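Colleague: This is the structure alone, sequence omitted:
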């Protein structure tokens with residue numbers, strides 16, 4: 001890449017503040033959940049959704065108020081339950097070979113949490129057993145930890161999130177050789193990070209993060225179908241009747257997927273002329289936020305604001321953010337001139353090194 005183009009790319013960067021991909025807004029007006037949803041969709045994007053604990057802290061820090069406030073999670077689904085992994089960003093894919101389908105004991109009848117033995121089994125979440133935590137030591141290296149405590153599924157999840165990363169999640173962990181070795185140490189069965197519920201986010205996102213306050217939350221109470229955050233209980237969640245009035249949180253989305261096919265440089269100019277810039281991803285929360293959008297792309301990859309400078313020999317974000325968080329596909333090709341970064345629009349949404357004359361959809365950050 002020519003030095004003049006490198007300087008041109010760096011124009012328009014976010015010099016004095018971090019470019020947020022989304023923002024939370026607290027609205028103190030008292031409204032029903034449906035009225036709050038309508039307000040957020042008119043003024044911002046939608047009622048607030050959260051990807052993980054970092055988002056919970058951001059939401060809580062956006063107001064000095066204490067008490068209850070609506071968020072965008074609701075149970076108006078007619079009881080239709082779907083499976084989720086506990087670890088944010090890991091999507092559940094049906095694979096019957098992983099499940100015990102024989103109904104071996106009454107304990108393995110339809111349940112809402114999953115334990116692992118030789119096969120996965122659906123059991124009640126209030127059962128107590130040992131569990132397996134997951135911990136990321138480096139970008140591509142994980143370790144599993146057998147915790148020899150008898151707790152229910154929610155307690156196991158809380159323990160793993162506080163002391164490690166999360167409950168073991170995804171088939172790469174739950175069916176790994178390391179998991180098999182831990183199971184051979186003697187536990188009859190253990191909790192893993194798979195659960196199902198009928199709660200959905202207002203904007204239709206598939207975020208699997210849940211933070212219920214189990215002392216106050218009653219999933220079986222049919223009249224309480226709308227979720228609220230409890231600001232005086234560290235932002236944990238409970239539910240209430242949707243026709244009650246409360247203050248609420250909206251989110252404002254700063255990212256847009258452009259479904260036109262352009263080269264990387266054409267995409268850069270388009271974003272800067274019409275919005276702010278090509279999107280930069282600097283942490284797992286932003287990665288999770290963005291990958292929801294790329295599911296709707298019409299090309300197999302989506303351009304990001306990630307570029308390789310052949311002159312200086314490093315990758316950089318066009319917004320001048322340091323490339324610290326990385327999500328590269330491990331099988332990617334070597335760095336070379338005329339390379340830019342694109343996200344896989346399917347699968348694990350990894351980043352790929354692509355020649356910049358390819359024509360893909362792309363992501364712009366808004367003004």
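Modeller: Good, I have the coordinates. All values reported here derive from a predicted model rather than from experimental measurement.

Colleague: Tell me which other helices or strands the helix or strand that contains residue 261 touches.
Modeller: Here residue 261 sits within strand 255-262, counting by DSSP states H and E. Applying 3 or more CB pairs under 8 Å, 6 or more residues apart in numbering; DSSP states H and E, we find strand 255-262 packed against helix 264-274, helix 284-294, strand 360-365. C-betas here are computed from N, CA, C, even on glycine.

Colleague: what's the most buried one of the ones you listed?
Modeller: strand 360-365 (a mean of 25; mean count of other CB atoms under 10 Å).

Colleague: Where does pLDDT dip in the stretch 51-200 of the chain?
Modeller: For the stretch 51-200 of the chain, the stretches flagged by pLDDT under 70 are 102-110, 137-140.

Colleague: Where do the helices of it begin and end?
Modeller: Using DSSP state H, counting those that start in this stretch, the helices of the stretch 51-200 of the chain run over 53-61, 153-163, 171-174, 177-183.

Colleague: Pull out the buried residues from the second one.
Modeller: Spelled out, it's helix 153-163. Using 16 or more other CB atoms under 10 Å as the test for burial, helix 153-163 gives 153, 154, 155, 156, 157, 159, 160, 161.

Colleague: of those residues, closest to residue 340?
Modeller: Taking CB to CB as the measure, residue 340 sits nearest to residue 161 out of the buried residues of helix 153-163, at 35.3 Å.

Colleague: Excluding chain neighbours, what is closest to that closest one?
Modeller: Counting by CB to CB, 6 or more residues apart in numbering, the nearest residue to residue 161 once its immediate chain neighbours are dropped is residue 53, at 7.0 Å.

Colleague: can you count the residues close to residue 316?
Modeller: Using other CB atoms under 10 Å, residue 316 has 20 other residues around it.

Colleague: Break the chain down into its domains, please.
Modeller: Following automatic domain parsing, one gets these domains for the chain: 3-20+254-365, 22-79+198-252, 82-197.

Colleague: To what extent is residue 296 buried, counted in neighbours?
Modeller: Counted with other CB under 10 Å, residue 296 comes out at 11.

Colleague: which parts of stretch 346-357 are buried?
Modeller: For stretch 346-357, burial by neighbour count (16+ other CB under 10 Å) applies to 349, 350, 351, 352, 353, 354, 356.

Colleague: circling back to that earlier point, measure the residue nearest to residue 161 to residue 87 for me?
Modeller: Using CB to CB, to the nearest Å, residue 53 is found at 12 Å from residue 87.

Colleague: number of nearby residues for the nearest residue to residue 174 once chain neighbours are set aside?
Modeller: What sits nearest to residue 174 in space, not counting adjacent residues and going by CB to CB, 6+ apart, is residue 192, at 4.9 Å. By other CB under 10 Å, the residues close to residue 192 number 27.

Colleague: Residue 192 contacts residue 168, correct?
Modeller: Yes. Applying CB atoms under 8 Å as the test, residue 192 and residue 168 come out as touching, 4.9 Å apart.

Colleague: shared neighbours of the two, which are they?
Modeller: Both residue 192 and residue 168 are contacted by 132, 174, under the criterion CB atoms under 8 Å, 6 or more residues apart in numbering.

Colleague: quick one on the thing from earlier: okay but the residue nearest to residue 161 is in contact with residue 162, surely?
Modeller: No. Using CB under 8 Å, residue 53 is not in contact with residue 162, being 9.7 Å away.

Colleague: for the helices and strands packed on strand 255-262, which one sits closest to residue 133?
Modeller: helix 284-294 (17.5 Å).

Colleague: for the next helix or strand after the closest one, packing partners?
Modeller: On the C-terminal side of helix 284-294, the closest following helix or strand by DSSP H and E is strand 301-309. Applying 3+ CB pairs under 8 Å, 6+ apart, one finds that strand 301-309 makes contact with helix 264-274, strand 277-278, strand 314-317, strand 339-344, strand 351-355, strand 360-365.

Colleague: okay, those in CSV with mean pLDDT and distance to residue 207 next?
Modeller: Formatted as CSV, the helices and strands packed on strand 301-309 follow (pLDDT from 0 to 100; distance: least, CB to CB, whole Å):
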stretch, mean pLDDT, distance to residue 207
helix 264-274, 97, 25
strand 277-278, 96, 24
strand 314-317, 92, 24
strand 339-344, 95, 18
strand 351-355, 94, 21
strand 360-365, 97, 18
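
Colleague: who's in contact with the closest residue to residue 143 other than its chain neighbours?
Modeller: Residue nearest to residue 143 in three dimensions, not counting chain neighbours: residue 135, with 5.0 Å by CB to CB, 6+ apart. Contacts here follow CB under 8 Å, 6+ apart; on that basis residue 135 touches 142, 143, 144, 145, 164, 165.

Colleague: Now, of the residues you listed, which are buried?
Modeller: Of these, these count as buried by 16+ other CB under 10 Å: 142, 144, 145, 164, 165.

Colleague: ok, so of those, who is nearest residue 203?
Modeller: residue 165 (26.2 Å).

Colleague: Quick check: the closest one touching residue 133?
Modeller: Yes. At 7.3 Å, residue 165 and residue 133 qualify as touching, with contact defined as CB under 8 Å.

Colleague: wait, isn't residue 324 in contact with residue 281?
Modeller: No. With contact defined as CB under 8 Å, residue 324 does not reach residue 281; the gap is 10.7 Å.
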